[in-house]
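Student: turn this into a structure:
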Amino acid sequence: MFKFIQELKDSFYEGREEAKQEALEKERIEDQERVEILEKISELSKIEIFGCSLAAPFRASALQSWFTIFKKDKESLEENIVPFPLFSFGGEDYITDEQLASLKKQLEESFTVSGPEEVLIMAKEFLYYTNIDLEALAEIELSNDRKLPENDSLDIRLDAWLLSAVASLITSGVQVEDVPKEKALQIFAELLLIVKEKYPNWLSFSKDFVAQENRTKVNGRMAQKQLENYVSYLTYKFGSPWVMFPLESY
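Tutor: Residues are numbered from 1 along each chain as shown. This next block holds a predicted model:
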């Protein structure tokens with residue numbers, strides 16, 4: 001009997017040690033992958049990172065970069081996940097086919113666009129509502145079938161939401177609708193100066209975004225809540241572009 005109990009104990013400790021070694025090996029591999037991603041991020045242009053940062057609320061929600069349905073909102077402050085697609089709208093080695101499909105679905109269902117021309121037209125129209133006219137979009141003509149109000153009568157005040165929507169349109173458009181990346185970088189180079197004038201930091205931007213998201217009524221309550229959660233994650237998680245690249249750093 002005692003021998004049997006000892007064998008059970010030995011088996012338990014052996015199993016625990018194996019599990020510990022497996023966990024350590026998994027952690028080592030994850031650390032290596034994280035270092036590779038951070039090195040890849042260091043090679044990106046600041047303009048590309050800014051574009052993804054501006055698009056981050058919509059982009060993180062579509063990609064479900066931190067799917068933490070079983071965690072409290074403020075858990076895992078030191079979570080070391082670094083979602084590369086929140087920093088780059090290239091690098092197809094770091095984004096799955098499912099995530100690309102989610103970006104395309106967001107374009108088609110949330111913004112009702114398909115094709116590079118429609119993406120750029122919608123981006124210019126959204127910017128019109130913020131009284132922003134970009135040189136990079138000068139050749140894009142707005143649709144004649146859409147009646148837009150005169151600029152001096154605009155009182156929508158959805159700047160943060162619309163700017164993020166534009167960035168989401170452009171970044172996803174590059175990856176799934178053949179919008180030229182060079183054109184996207186030109187757009188973001190212009191928007192960077194405008195956003196820095198409007199907002200001192202990403203936290204200020206996030207507060208306006210959430211308030212304006214509630215006003216748009218574009219999403220249902222569940223989708224709206226998910227989007228708000230991802231905006232919250234962006235303000236503090238280790239792998240957030242807002243944390244790694246504060247707006248003040250550009």
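Student: just for the chain, where's the confidence low?
Tutor: Low-confidence segments of the chain, defined by pLDDT under 70, span residues 1-31, 65-79, 91, 143-156, 217-220.
Student: centroid residue for the protein?
Tutor: In the chain, the C-alpha nearest the mean C-alpha coordinate belongs to Ala56, at 2.6 Å (C-alpha atoms, centre = their mean).
Student: which of the three states applies to that one?
Tutor: Taking DSSP: H, G, I helix; E, B strand; the rest coil as the rule, one finds Ala56 in the helix state.
Student: tell me which helix or strand the closest residue to Asn214 other than its chain neighbours sits in.
Tutor: Taking C-beta to C-beta, 6 or more residues apart in numbering as the measure, Asn214 lies nearest to Gln224, with 7.1 Å between them; neighbours along the chain are not counted. (Glycine included, C-beta is placed from N, CA and C.) Using DSSP states H and E, Gln224 sits in helix 221-236.
Student: please point out which parts of that helix sit buried.
Tutor: Applying a neighbour-count criterion of 16 or more other C-beta atoms under 10 Å, one finds Gln224, Gln226, Leu227, Glu228, Asn229, Tyr230, Val231, Tyr233, Leu234 buried in helix 221-236.
Student: and of these, the nearest to Glu118?
Tutor: Each of these was checked against Glu118 using C-beta to C-beta; the closest is Leu227, at 22.9 Å.
Student: before we move on, back to that, from Glu39, how far out is the residue nearest to the centre of the chain?
Tutor: Using C-beta to C-beta, to the nearest Å, Ala56 is found at 21 Å from Glu39.
Student: next one: phi and psi at Phe87?
Tutor: In terms of degrees, to the nearest 10, the main-chain angles of Phe87 are phi -120, psi -20.
Student: list the contacts for it?
Tutor: Shown here is Phe87, whose contacts under the criterion C-beta atoms under 8 Å, 6 or more residues apart in numbering are Ile41, Leu44, Glu48, Ile49, Cys52, Pro241, Met244.
Student: which elements pack onto the helix or strand that the helix holding Gln224 is followed by?
Tutor: Secondary structure here is assigned by DSSP H and E; on that basis, the next helix or strand after helix 221-236 toward the C-terminus is helix 241-244. Of the remaining helices and strands, those touching helix 241-244 by 3 or more C-beta pairs under 8 Å, 6 or more residues apart in numbering; DSSP states H and E are helix 46-63, helix 221-236.
Student: again, 6 Å this time
Tutor: For helix 241-244, the helices and strands in contact under the criterion 3 or more C-beta pairs under 6 Å, 6 or more residues apart in numbering; DSSP states H and E are helix 46-63.
Student: list the buried ones in the helix it packs on?
Tutor: By neighbour count, and taking 16+ other C-beta under 10 Å as the criterion, the buried residues in helix 46-63 are 47-63.
Student: name the next helix or strand following that helix along the chain.
Tutor: Per DSSP H and E, helix 46-63 leads on to helix 97-110 as the next helix or strand towards the C-terminus.
Student: pull out the buried positions in whichever helix or strand comes after that next one.
Tutor: In the C-terminal direction, the helix or strand that comes right after helix 97-110 (DSSP H and E) is helix 116-128. By neighbour count with 16+ other C-beta under 10 Å, helix 116-128 contains the buried residues Glu118, Val119, Leu120, Ile121, Met122, Ala123, Lys124, Glu125, Phe126, Leu127, Tyr128.
Student: could you dump the helix holding Gln224 to CSV, C-alpha only?
Tutor: The C-alpha trace of helix 221-236 is given here as CSV (Å, rounded to 0.1, in the frame of the first residue of the first chain):
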residue,chain,number,x,y,z
ARG,A,221,-24.8,48.1,-27.7
MET,A,222,-22.7,44.9,-27.6
ALA,A,223,-20.4,46.0,-30.4
GLN,A,224,-20.2,49.5,-28.8
LYS,A,225,-19.1,48.0,-25.5
GLN,A,226,-16.5,45.8,-27.2
LEU,A,227,-15.1,48.9,-28.9
GLU,A,228,-15.0,50.8,-25.6
ASN,A,229,-13.1,47.9,-24.0
TYR,A,230,-10.5,47.9,-26.7
VAL,A,231,-10.0,51.7,-26.4
SER,A,232,-9.4,51.1,-22.7
TYR,A,233,-6.9,48.4,-23.4
LEU,A,234,-5.1,50.7,-25.8
THR,A,235,-4.4,53.2,-23.0
TYR,A,236,-2.5,50.8,-20.7
